[in-house]
Structure formats: C-alpha cells, structure tokens
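Trainee: A structural model of the following input is requested.
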Amino acid sequence: MSVKIVEHATIIDGTERDPYPATITITGDRISAVDEQAVSDNVNGTRLDASGLTLMPGLIDAHCHMTFDESSSNDELFFHRREALAAIIAGQNVKKLLQAGVTAFVDPDCIFDIGVDLRDAIEANVIPGPRMLSGGNALLTSVGGTAGRLIPDAGLRGYAKVVSTPDEIRTEVRRQIKMGVDWIKVHVTGLLPRQKMKGEIQAWSLDELKLVCDTAHELGVPVMGHCRDANSIRDSVIAGMDMLLHATFMDEPTLDLVIDKKVPITPTFTFQANLADHGHTVGADENLREIFRREIEESAELIHKAHKNGVPILCGSESGFSLTPYGEWHYRELEVFVKELGFSPLEAISAATMQCGNHAGFDGETGSIAVGKLADFILVDGNPAADVTILGDKSRIKSVYVGGELMNTEPLPPRKPISGWRTSQYSSSILTKDKIDG
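Mentor: Got it, this is the predicted structure:
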C-alpha cells in the first residue's frame, strides 16, 4: 500500500479551526496521520514538500447539474439534447470540476438516466472525476416546476418526471432506486403564469410529499426538495425531507421548525448572484436580475439564523447552466456566504467541505483533514481563511488529490460547435419598419 507524506503545509482542516502547520501522512486512499510535529525521516513513503501552500479538503459541491451542459434555456435543455452525446459530454465536463478544486459533488437530477451511469464510470475509473452522488429525474406534479408550460401533464421531459397518483409516485421512486440513485429529488415548488405570491407556489400536497419520503426511506434512500416558499419548506420538513434546496422566502415559524429538525439547507445562491452581479455582461433581463438579487437579500437573515442555531448549511453552485458553467464558479457560494449571510471565511470553507461531507450523503467519509478520512484534498497558493475568493483563481490551485491520487488538472482542448446542440435565434428583437426608418 502506497504511503505519501505531505510536509510543511499549512492546514485548514474544514472544522472551522484556525490554520495550523502540520504534516499529513496518506496510506492508500486515506489519511493515516496528522502530525503537528515533523515526521521522522525513518518513516518510509513518498515525500511531498508543500512549503508555502495551504492544504485543505477539496471543495464539495452539493448542487451541480452535471448532465445539463451549460444550457441557456429550458428549451435547449429539453429539446436539444441527445442521450448518448449528453453522456459523452458529461464525461468530459466533469474533469473541469477537478481543475476548480472540487473533489466531490452531488448531482440532484439529470436528463435521461445519465447521472447514475456517470457516477459508476467515475467509480470504476473509466473516466477521472470527483466523487459523485446522483439523483435521477426530478419528481414533479402536473403543475410543473420552473419551466412553466414546457412541462407536460404526464411523462418525462428533460430532467422532469411528472407523477400524479399515489401509484405513480411509488412506482417512480422505486424505479429510480432500482436504477441506483443516491438521492430522490422533488420539485416541491414551481411558477404559475398568473401567480400573485412572492417566490414560487407549492405544487405538492403534504400527503404526496410524505408518500415520496416514506417510500424512499423504506429503501434506505434520502430525499431532497426544491423549495422556494415558506409553506413548501414547512411541509417538506414535516414529510421527512433530508435536505432542502434553496429554502428561500422562509418565515419565522417555518424557521423554528427547520431549527428543531436540523434539516440541512443548500441555498444555492450562486446562480442568483451571478445573474444579479454579472448578468448584464451576457444580456440577462434587468427585471430578472433584480428579482434574484432580492431573493438573496430577503432570505439571508433567516438562513443566517438557521446557521447560528445549528442547522447545517451546505454549499452548492447549481453549475450546469450558461450562467454557472462547469469549473468556473464553484467557489462563488463561499463568497456569497461571507458577504451576504455573515459567515466567517472558515465557516464558509466548512460549509463547502465538512458540512457537505457529513450531510450531503457522503457519510462523513470526506470533507475534512483528519485521521481515517478519505484523502481528498487540494494544495492552494494563498490563505483561503483570509480570502475565500482565492479559491476562484485556478492558477492558485496547485494540486488536487482524490483518494490520495494526484488528479490531472490540465485544461481541456477548446470545444467546437455541435450541430443542433444549442438553441439559436433569428434575432434578439423584432425587426419592425420603424427600426429601419427611425
């Protein structure tokens, strides 16, 4: 069994402890020693000099859509994807996560059934990538989700499986678990054309949510819910959800319930933050930018309270869309946590490492630098405990290790266009005669 000794590093261990100097010994795929004293030269193994570098757990992204390939619209995602090609492209895109220092991630839902196959290919060493946990198709009712009328009244479209009756719910949950999913995802809320309330509207009854959770839990699989209003958060917690995605537009009574049950929250503000702060550079609608900016501002205080009352808060980037391309923004959630939610840099780092390792389905096997943990770590030029945005500079991520093995983080060659893969428009506006004459 191979032995590696990483010497002279400054350790950020993921537990919120201040950085400290130590030597890490790796035996096989696990950390076998963390010594704050120098390791004797008599210890056999490959020695790695990490002088001037920070050794910390690799980032864990708890919300990353690995099969979407940076789609710019639901139209593109639903009608311009082919199963085999989507799988091949996902196998390439996953390497971009390693370049950004991501050593594990959760893909909540996928197009077709690609997620499970991608995970199995990574685990079998067919393709290199971070550790992966996968959901299947997101469960929706015929009310739909955030894609409006593009969601059919029944059947499958893109990532969305529409279920309506108790028998359909049970059958689909059991089917996905038979296929090997690590998570069941429910799109608990959605948008209606003439909706008057803030946020999204709950599209599932409490009894339906309980049925999903009970069916999945009977087979040992956890459930996560996309929730963007107070009622949906409340009913998801009562139903037994194991993780809340977004959990925005919460109210105080719902917060009290979340605190009591300690249900982990993955706010996933990166998409909103990118749209609000940088959307003008890619032509995003100004009204939409303001809506997403307010979602962060109006939710920050209650999520901060949840954190201070012991609710695990996890980092997720929602990478997979044109506003959150792979390998670019996985650090961004840490920045939002510090700037908007009042986290310290070390708390934000813990949210992106140990908290995900403990609460995103990895059973505490990864996410911290401690004896017995999987040796998933990165070496960083600089001190992320002083400035988490350092993690957004890929030139500063000097080495990435998964299971004690050094990963290839060389950039991928530029990709050429694929016919029919992206949506195209005749124009960005209507060509009236006035525009010519005026």
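Trainee: Let me know the next secondary structure element after the host helix or strand of Q92.
Mentor: Taking DSSP states H and E as the criterion, Q92 maps to helix 83-99. Going down the chain from helix 83-99, the next helix or strand is strand 102-107, by DSSP H and E.
Trainee: averaged over its residues, what pLDDT does the next helix or strand after that following strand have?
Mentor: Sequence-wise, the next helix or strand downstream of strand 102-107 (DSSP H and E) is helix 114-123. Confidence over helix 114-123, taken as the mean pLDDT, stands at 98.
Trainee: Determine the angle, from 0 to 180 degrees, between helix 114-123 and strand 102-107.
Mentor: Orientation check (axes from the mean of the first three to the mean of the last three C-alpha atoms, to 10 degrees): helix 114-123 against strand 102-107 gives 150 degrees.
Trainee: Can you pull out the residues in contact with helix 114-123?
Mentor: By C-beta atoms under 8 Å, 6 or more residues apart in numbering, the residues outside helix 114-123 that reach it are 66-67, 83, 86-87, 90-91, 94, 107, 109-110, 127-136, 179-182. For the C-beta atoms, the positions are set from N, CA and C on the backbone; glycine is no exception.
Trainee: Can you tell me which of those are buried?
Mentor: With neighbours counted by 16 or more other C-beta atoms under 10 Å, the contacts of helix 114-123 contain buried members at 66-67, 86-87, 90-91, 94, 107, 109-110, 128-136, 181-182.
Trainee: all helices of the stretch 51-200 of the chain, in order?
Mentor: 74-79, 83-99, 114-123, 166-179 (DSSP state H, counting those that start in this stretch).
Trainee: Tabulate those (a markdown table), appending distance to N231.
Mentor: As requested, these are exported to a markdown table (distance: least, C-beta to C-beta, whole Å):
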| stretch | distance to N231 |
| --- | --- |
| helix 74-79 | 24 |
| helix 83-99 | 35 |
| helix 114-123 | 29 |
| helix 166-179 | 20 |
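Trainee: Contacts only, for L257.
Mentor: Residues in contact with L257 (C-beta under 8 Å, 6+ apart) are 234, 237-238.
Trainee: buried set for stretch 46-54?
Mentor: Result for stretch 46-54 [16+ other C-beta under 10 Å]: buried residues 48, 50, 53-54.
Trainee: Apart from its chain neighbours, what residue comes closest to the spatially most central residue of the chain?
Mentor: The structure's the chain has its C-alpha centroid closest to H63; by C-alpha atoms, centre = their mean the separation is 1.8 Å. Closest residue to H63 apart from its sequence neighbours, by C-beta to C-beta, 6 or more residues apart in numbering: G316 at 2.6 Å.
Trainee: ok but the one you found is inside a strand, no?
Mentor: No: using DSSP: H, G, I helix; E, B strand; the rest coil, the assignment for G316 is coil, not a strand.
Trainee: all strands of the stretch 101-250 of the chain, in order?
Mentor: With DSSP state E, counting those that start in this stretch as the definition, the stretch 101-250 of the chain shows strands at residue ranges 102-107, 131-134, 138-140, 155-157, 160-162, 184-187, 189-190, 201-202, 223-227, 243-246.
Trainee: which residues does E290 contact?
Mentor: For E290, the contacting residues are A276, by C-beta under 8 Å, 6+ apart.
Trainee: element containing it?
Mentor: Per DSSP H and E: helix 286-308 holds E290.
Trainee: V34: what secondary structure?
Mentor: Following three-state DSSP, the label given to V34 is strand.
Trainee: Would you mind listing where the chain has pLDDT under the threshold?
Mentor: Counting by pLDDT under 70, the chain contains low-confidence ranges at 38-40, 428, 433, 438.
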